[in-house]
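Peer 1: fold the following.
(one chain, ligands or ions: 1)
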Amino acid sequence: MNVSDASFDRERPDVYGDAHPKALLRSVQEDGDYLVKLSNQHIVSSDQFSRDTLIQLFRLAAKYESNPTRFRSPLQGKILISAFYEPSTRTRLSFESAWHRLGGDIMSITDRSTTGIAKGECLDDVAEMFNNYGDCVVLRDNNGESLEKMMDTLRIPIVNAGNGRDEHPTQAMADLYAIFKWRPELLAAEVPEERRIRIGVIGIPGRMRTVRSLLKSLAVFHTSIKEVVIIHDGSDDDGLFDPGQREELEERGLTIRLANELDEVLPTLDVTYINAIAWEGDGFETYGKKFILNADSPLKQDGIILHPLARGEELAKDLDNTSHNWYFSQARGAVFLRMALLTCMVERAERVIDVV
Ligand code: CP
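Peer 2: This next block holds a predicted model:
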């Protein structure tokens, strides 16, 4: 066994939730048609994904995670262009890890000033070159419009890996993958009222791309959710939602309630999602400083915490070795989720469908 295998195979404490992909895998019937339809699709927004497509992606991710050394070559001969013009630990490395683990090759740009953009080259021309050099692009750009500009010229698929304050759809998919590994029964077509979950979101839907995309994805599974409680400090009421954002989510079936007192709500939450960082222009702002989760917080006994990370003071390290910590599983599972999505985008789904 080499080191790469060992990093996935070694025994880990169950508090990280790694025992669960097999349960998810068993609970869903494979239907490859939904995966094949993702061929050559640009991935821009959480709006694009139907419930059935997400469930099949989660199933494929669970198949990869249940047997991490089984599929080494579905992306052999394919080249990923990984372009990250804004800092990233998890998204860039998990996309690149996903591609490597499936046998593909990668070209990585971590600073736009090393490309012709520094000499005034337009994004159309950069996109045209990408068509010649690779098979898929993953782009993180603090300019929310760059993605749309490149899509006009690209003939290879592109993934939005975070575009300013707008969206981060694959993060939301990784968030839901963690939730459904924790409770696969929530994927059922009918979830009895008493089994539905209450989710608390400490974050600002109108300013945080992670929260914006998460809420859209949760709306797809609204029949599994009692309500979403947005916990905010009251000082940001004007910008809490973009105009029409809350109404649109409610029209899609999500029940949303606002709360200001974290410790009053925490004992009722099955899932507590927390994020403090929002990208603003070239930098970031930190919000919600009065909300801190630590081992003394009055969390529901079997409640879990999700955080897209990077964390600051809002999430204390004394929670890391507790059963509430599902944020490490969430970050780890993102590799398998991205493996599933990338396989489908570059027309290699048929190499893994019907393979056990
Ligand atoms: N969750 C997330 O987007 O993390 P990075 O900024 O490290 O990619």
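Peer 1: just checking, what packs against the helix or strand encompassing residue 26?
Peer 2: Using DSSP states H and E, residue 26 falls within helix 21-27. Helix 21-27 sits against helix 51-66, helix 169-182, with contacts defined as 3 or more CB pairs under 8 Å, 6 or more residues apart in numbering; DSSP states H and E. Heads up, the C-betas are built off the backbone N, CA and C, glycines and all.
Peer 1: among these, which is nearest the ligand?
Peer 2: For the ligand, the closest of the helices and strands packed on helix 21-27 is helix 169-182, at 5.1 Å, according to CB to the nearest ligand atom.
Peer 1: most packed of the helices and strands packed on helix 21-27?
Peer 2: Each of the helices and strands packed on helix 21-27 was scored by mean neighbour count; the highest is helix 169-182, a mean of 26, by mean count of other CB atoms under 10 Å.
Peer 1: longest helix anywhere in this protein?
Peer 2: Of all segments of type helix in the chain, defined using DSSP state H, the longest is helix 327-345.
Peer 1: so residue 296 sits in a strand?
Peer 2: No - using DSSP: H, G, I helix; E, B strand; the rest coil, the assignment for residue 296 is coil, not a strand.
Peer 1: what sits against it?
Peer 2: Contact analysis of residue 296 by CB atoms under 8 Å, 6 or more residues apart in numbering lists nothing.
Peer 1: and the pLDDT for it?
Peer 2: Residue 296 is assigned 97 on the pLDDT scale.
Peer 1: ramachandran angles for it?
Peer 2: phi -90, psi 0 (degrees, to the nearest 10).
Peer 1: how many neighbouring residues does the closest residue in space to residue 252 that isn't next to it in sequence have?
Peer 2: Using CB to CB, 6 or more residues apart in numbering and skipping residues adjacent in sequence, the residue nearest residue 252 is residue 219, 4.0 Å away. Neighbours of residue 219 under the rule other CB atoms under 10 Å: 20.
Peer 1: surely residue 219 is within a helix?
Peer 2: Yes - judged by three-state DSSP, residue 219 forms part of a helix.
Peer 1: what ranges do the helices span in this protein?
Peer 2: Counting by DSSP H, the helices of the chain are 3-9, 21-27, 32-36, 51-66, 90-101, 123-133, 146-151, 169-182, 209-220, 245-251, 262-265, 327-345.
Peer 1: how about the residues of the stretch 101-250 of the chain near the ligand?
Peer 2: 162, 168, 171 (CB under 6 Å from any ligand atom).
Peer 1: ok, residue 343 - contacts?
Peer 2: Counting by CB under 8 Å, 6+ apart, residue 343 has contacts 35, 60, 74-75, 102, 349, 351-352.
Peer 1: closest to the ligand out of those residues?
Peer 2: Using CB to the nearest ligand atom, the contacts of residue 343 come closest to the ligand at residue 102, 19.8 Å.
Peer 1: just give the nearest non-adjacent residue to that closest one, would you?
Peer 2: residue 75 (4.0 Å).
Peer 1: residue 149 and residue 123 touch, don't they?
Peer 2: Yes - Residue 149 is in contact with residue 123 according to CB atoms under 8 Å; the separation is 4.5 Å.
Peer 1: more neighbours: which of these two?
Peer 2: residue 123 (21 against 16).
Peer 1: tell me the contacts of that one?
Peer 2: Counting by CB under 8 Å, 6+ apart, residue 123 has contacts 117, 146, 149-150, 153.
Peer 1: go through those and name the one nearest the ligand.
Peer 2: The closest of those, once distances to the ligand are taken by CB to the nearest ligand atom, is residue 146, at 16.7 Å.
Peer 1: show me what contacts the closest one?
Peer 2: 85, 123, 139, 163.
Peer 1: pull the number of nearby residues for the residue nearest to residue 102.
Peer 2: 25.
Peer 1: that one: what's it in contact with?
Peer 2: Applying CB under 8 Å, 6+ apart, the residues near residue 75 are 99, 102-104, 342-343, 346, 348.
Peer 1: so what's the backbone phi/psi at it?
Peer 2: Main-chain torsions, residue 75, degrees, to the nearest 10: phi -110, psi 20.
Peer 1: ok, it to residue 347 distance?
Peer 2: Using CB to CB, to the nearest Å, residue 75 is found at 10 Å from residue 347.
Peer 1: picking up where we left off before, possible to save the residues of the stretch 101-250 of the chain next to the ligand as JSON lines with pLDDT?
Peer 2: Shown next, in JSON lines, are those (pLDDT from 0 to 100):
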{"residue": "162", "pLDDT": "96"}
{"residue": "168", "pLDDT": "98"}
{"residue": "171", "pLDDT": "98"}
